[in-house]
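**Q** here you go, sequence then predicted model.
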Amino acid sequence: MAWQLKVGAVQMRSIGDLAANLETCRALVGQAAAAGARLVVLPECFSFLGRGEGDKMQAAEVLDGHGRVLTALAELCRKHGVWIIGGGTPETVPGDPKRAYNTAVVVDPVGALVRTYRKVHLFDVDIPGGATLRESDGTVAGTGLEVVDIDGVTVGLSICYDLRFPELYRKLVDQGAQVVVIPAAFTAHTGNAHWHVLMRARAIENQVWIVAPAQWGKHNEKRESYGHSLIVDPWGTVVAERAEGDGVLVHTLDGDAVAKRRTQMPVRRHAVLWKG
């Protein structure tokens with residue numbers, strides 16, 4: 001029998017207050033677990049979203065299991081018997097007091113940290129009439145890709161701006177990914193233009209399930225996120241969406257849908273590797 005994995009994608013509006021954000025996570029993870037989710041995915045910046053890139057250092061911690069963020073997630077995993085992917089939290093960089101990694105953490109149902117992924121692509125943009133952000137001012141880029149086995153399902157890890165780089169997702173599929181998580185804090189401006197089309201494209205190209213929990217609304221006078229958390233099937237169909245407001249999307253992913261699309265249209269086998 002093909003695998004099934006019930007997931008919960010959390011949508012929230014983080015602020016510059018770690019304690020308040022963790023309290024919101026507790027409530028929403030509880031909702032997802034009560035609805036039967038086995039895996040709960042939190043958005044990027046779930047632990048902290050301040051006014052500037054430097055503000056995140058208030059929440060940065062060494063991921064040794066003793067910090068406030070990992071301790072809270074481990075307690076939730078044990079309490080509810082779920083996996084949690086924390087979609088992006090500041091991780092201390094040795095020797096750099098002004099910048100942190102933007103790190104996704106995977107915590108298992110007994111509260112153990114089993115995988116981390118440090119965001120590779122940093123959002124340094126200046127769009128006329130839209131967003132002007134330099135994530136690299138407060139963040140150090142990661143260098144490697146990661147997949148993790150969750151109840152026998154290979155899940156690929158990515159964060160927000162990674163969405164714009166299709167080769168990353170093909171590499172995750174090459175490593176066996178059948179589900180990809182894309183936790184995000186997409187700006188309202190870029191989200192309105194590109195969020196849905198990019199999410200659906202990544203699902204279609206790679207014939208994977210996409211789970212994309214998002215930040216929404218005004219975090220402060222400088223930052224507004226698009227919301228529209230999504231779950232997308234391997235055919236590119238949006239099967240669940242939450243436009244705005246705190247809440248959870250819960251949906252059962254299944255391996256049959258992946259196998260069906262990859263059999264009907266074997267695009268990976270047909271791919272030509274262009275040279276020169």
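**A** That came in fine, so what should we check first?
**Q** so, low pLDDT: which residues of the stretch 151-276 of the chain?
**A** Applying pLDDT under 70 to the stretch 151-276 of the chain picks out residues 274-276.
**Q** just the helices in it please.
**A** 166-174, 188-206, 255-264, 267-270 (DSSP state H, counting those that start in this stretch).
**Q** do you know which of those helices lies nearest residue 40?
**A** When those are compared by CB to CB, helix 188-206 sits nearest residue 40, at 19.1 Å. All C-beta atoms are positioned from the backbone trio N, CA, C, and that covers glycine.
**Q** tell me the angle that closest one makes with helix 255-264.
**A** Relative orientation of helix 188-206 versus helix 255-264 (axes from the mean of the first three to the mean of the last three CA atoms, to 10 degrees): 70 degrees.
**Q** tell me where the stretch 101-250 of the chain has strands.
**A** Taking DSSP state E, counting those that start in this stretch as the criterion, the stretch 101-250 of the chain carries its strands at 113-118, 124-126, 132-134, 139-140, 147-150, 153-157, 179-181, 209-212, 216-220, 223-226, 229-232, 238-242, 247-254.
**Q** so which bits of the third one are buried?
**A** By that I understand strand 132-134. Neighbour counts over strand 132-134 (16 or more other CB atoms under 10 Å) mark residue 133 as buried.
**Q** and that strand, what does it pack against?
**A** For strand 132-134, the packing partners by 3 or more CB pairs under 8 Å, 6 or more residues apart in numbering; DSSP states H and E come out as strand 124-126.
**Q** off-centre distance for stretch 211-229?
**A** 13 Å (CA atoms, centre = their mean, to the nearest Å).
**Q** and that stretch, C-alpha only, in PDB?
**A** Presented in PDB, the C-alpha positions along stretch 211-229 are these (Å, rounded to 0.1, in the frame of the first residue of the first chain):
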ATOM      1  CA  VAL A 211       3.400  22.200   1.500                       C
ATOM      2  CA  ALA A 212       3.800  26.000   1.800                       C
ATOM      3  CA  PRO A 213       3.000  27.500   5.200                       C
ATOM      4  CA  ALA A 214       3.100  31.300   5.100                       C
ATOM      5  CA  GLN A 215       3.300  34.500   7.100                       C
ATOM      6  CA  TRP A 216       0.400  36.900   6.500                       C
ATOM      7  CA  GLY A 217      -0.500  40.500   7.200                       C
ATOM      8  CA  LYS A 218       1.300  43.500   8.700                       C
ATOM      9  CA  HIS A 219       4.100  42.600  11.100                       C
ATOM     10  CA  ASN A 220       5.100  46.200  11.600                       C
ATOM     11  CA  GLU A 221       5.200  49.500   9.700                       C
ATOM     12  CA  LYS A 222       8.000  48.200   7.400                       C
ATOM     13  CA  ARG A 223       6.900  44.700   6.600                       C
ATOM     14  CA  GLU A 224       3.700  43.000   5.200                       C
ATOM     15  CA  SER A 225       3.500  39.400   4.100                       C
ATOM     16  CA  TYR A 226       1.200  37.900   1.400                       C
ATOM     17  CA  GLY A 227      -0.300  34.900   3.300                       C
ATOM     18  CA  HIS A 228      -2.100  32.400   1.100                       C
ATOM     19  CA  SER A 229      -0.600  29.200   2.600                       C
END
